[in-house]
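Participant: have a look; sequence and predicted model below, questions after that.
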Amino acid sequence: MKLNLLFTKDGLQYQLLNGRKTEEENSFFIDSETVFDIFQKLKDLLAQEKISEISVISALNHFTLMPDGFSDHESGYDLIAYNSQVDQNSEELMLSVNKKFGVQFYYTFPKDFYTEIKNKLSSAKFNFSGEKFLNSIQAKNGKEIHINLYHNQCEFFALMDKKVVLYNNLDVNSEVDFLYFIMFTLSKIGFGLKETHFYVYGETTENDTFISELQKFVKNLKIVFDNIPNKNFILN
């Protein structure tokens, strides 16, 4: 049995696979009406005896993007700290490399989660959502924005002529805020709305307000796919 785990801001999504068949899939999000212990949920999932493979994706926005080949790994925490507050005592430093676009991500993952998972299965695989997302992109020449939507969160890449110009990962509670941040980014990097192609992935149904508002401003917009239950799990 394979266990897929996705950690987002205040959330945990999981999928249990038996071969290619999805046996179980669910999501847990902390909000004003729901309070639960993510760590306890994780422990409950790991308590299942039949798990022989674990794949972990972190979409937590404690990260930094560097060119492939950067080797000063000891500075990883400091680089991440430019973007997010980091607690080295409680966060494990991780590295995820994308050879396809020649970049690498330093990111942190909660140490208690990391230890619990490794204690269950030492061969568990960890990755950063940005790297997995980037690896799935089929870029063309020109200016492109690729947007991956989550629950109260989104990540996006700006690409130009198949090269990464910028990556960001946003935790916001409003779909309008997604739009504002992306439009603000375009103005800063010189991507015009008429010349830029937009591609949207992920929780598109949940974020339909964002998509409808985006369509008012951009000409070239394609929804690549929606995360259909029991079919797509983090671009799987």
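Facilitator: Structure's in. What do you need? A quick note: this is a predicted structure, and the numbers were derived from the prediction, not measured. Residues are numbered from 1 along each chain as shown.
Participant: now do the strands in this protein.
Facilitator: Taking DSSP state E as the test, the strands found in the chain are 2-8, 11-18, 21-29, 53-58, 63-67, 91-98, 103-110, 125-128, 143-150, 153-160, 163-171, 196-202, 220-223.
Participant: would you mark the buried spots in stretch 166-183?
Facilitator: Neighbour-count burial for stretch 166-183, counted by 16 or more other CB atoms under 10 Å, picks out Leu166, Tyr167, Asn168, Asn169, Leu170, Glu175, Phe178, Leu179, Ile182, Met183. To be clear about C-beta, it is placed using only N, CA and C from the backbone, and glycine gets the same treatment.
Participant: in contact with the closest residue to the first one other than its chain neighbours, which residues?
Facilitator: If I follow you right, that is Leu166. Once flanking residues are discounted, Leu166 sits nearest to Ala158: 4.3 Å by CB to CB, 6 or more residues apart in numbering. Residues near Ala158 by CB atoms under 8 Å, 6 or more residues apart in numbering: Lys143, Glu144, Ile145, Val164, Val165, Leu166, Tyr167, Thr185, Leu186, Ile189, Phe191.
Participant: in contact with the nearest residue to the first one once chain neighbours are set aside, which residues?
Facilitator: Once flanking residues are discounted, Lys143 sits nearest to Thr196: 4.5 Å by CB to CB, 6+ apart. Contacts of Thr196 were listed using CB under 8 Å, 6+ apart, and they are Lys143, Glu144, Ile145, Leu186, Val218, Asn220.
Participant: gap between the residue nearest to Phe29 when sequence neighbours are not counted and Glu116?
Facilitator: Closest residue to Phe29 in three dimensions, ignoring its sequence neighbours and counting by CB to CB, 6+ apart: Gly11, at 4.3 Å. In this structure, Gly11 and Glu116 are separated by 17 Å, where distance is defined by CB to CB, to the nearest Å.
Participant: of those two, who's got more company?
Facilitator: Gly11 (19 against 15; other CB atoms under 10 Å).
Participant: quick check: the more buried one touching Lys41?
Facilitator: No - using CB atoms under 8 Å, Gly11 and Lys41 do not qualify as a contacting pair, with a distance of 10.1 Å.
Participant: give the residues shared as contacts by the two.
Facilitator: Taking CB under 8 Å, 6+ apart as the contact criterion, the common neighbours of Gly11 and Lys41 are Phe28.
Participant: what lies in contact with stretch 227-236?
Facilitator: Where contact means CB under 8 Å, 6+ apart, the residues beyond stretch 227-236 that reach it are 4, 6, 13, 15, 22, 25, 57, 129, 132-133, 136, 148, 201-204, 225-226.
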